[in-house]
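**Q** Please find the sequence and the predicted model below.
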Amino acid sequence: MRRAQPEHLALFHAQRRLLGEGPPSAALPPGVVVCSLRRAAQEFPEKVEACYGRLARTGKDALNALNTMLAQDGLFVYVPRGVAVERTIQVVNLLRSDVGLMVNRRVLVVFGRGAGPSPVL
């Protein structure tokens, strides 16, 4: 009996890493990248630099400026030009600490021109 594939792909991001083995390769089309924002900045600097902080209104919003300045890591999802991801991508951020903690994390999702139509939650 064949198992039905869920309608969405859940990515669990917990304190600088994807839980488990990351997204199953069969679940994403070739060229789609899902990794930590820190790793993406090292491996795909041109993609991150082109988009990171572009929509955050750091000049007009002090909280956005603080979050941008202090962001320690986050999640990076990149869908190349013309690639369609049929399933919804659900991002679940997990954070736990036994002490008071301030965490600034970002999720950067980049769709190339004509990529889609998958929504990201």
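**A** Now that the structure is in, tell me what you want to look at.

**Q** Contacts only, for the nearest residue to Leu66 once chain neighbours are set aside.
**A** In space, and not counting its chain neighbours, Leu66 is closest to Asn104: 7.5 Å by Cβ to Cβ, 6 or more residues apart in numbering. Just so you know, the C-beta spots here come from the backbone N, C-alpha and C atoms, and that holds for glycine as well. Under the criterion of Cβ atoms under 8 Å, 6 or more residues apart in numbering, the contact list for Asn104 reads Leu66, Asn67, Leu70, Ala71, Gln72.

**Q** how close does the residue lying closest to the third one once chain neighbours are set aside sit to Tyr52?
**A** Think Leu70. Using Cβ to Cβ, 6+ apart and skipping the chain neighbours, the partner closest in space to Leu70 is Asn104 (4.3 Å). The spacing between Asn104 and Tyr52, counted by Cβ to Cβ, to the nearest Å, is 13 Å.

**Q** go on, Arg87?
**A** When distances are taken as Cβ to Cβ, Arg87 and Tyr52 turn out to be 25 Å apart.

**Q** quick one, which of the two is more surrounded?
**A** Higher neighbour count among Arg87 and Tyr52: Tyr52, with 20 against 15, using other Cβ atoms under 10 Å.

**Q** so who does the more buried one touch?
**A** Neighbour list for Tyr52: Leu37, Arg106, Leu108 [criterion: Cβ under 8 Å, 6+ apart].

**Q** so of those, which ones are in helices?
**A** Leu37 (DSSP state H).

**Q** I'd like to know how many residues surround Val110.
**A** Val110 is flanked by 18 other residues according to other Cβ under 10 Å.

**Q** The helix or strand it falls within: partners in the sheet, and parallel or antiparallel?
**A** Secondary structure assigned from DSSP states H and E places Val110 in strand 105-111. Applying DSSP bridges to the sheet, strand 105-111 is found paired with strand 73-79 (parallel).

**Q** Name the next helix or strand downstream of the strand it pairs with, please.
**A** strand 84-85.

**Q** Could you list the single helix or strand in the chain with the lowest mean pLDDT?
**A** Least confident helix or strand, the chain: strand 17-18 with a mean of 54, by mean pLDDT, DSSP states H and E.
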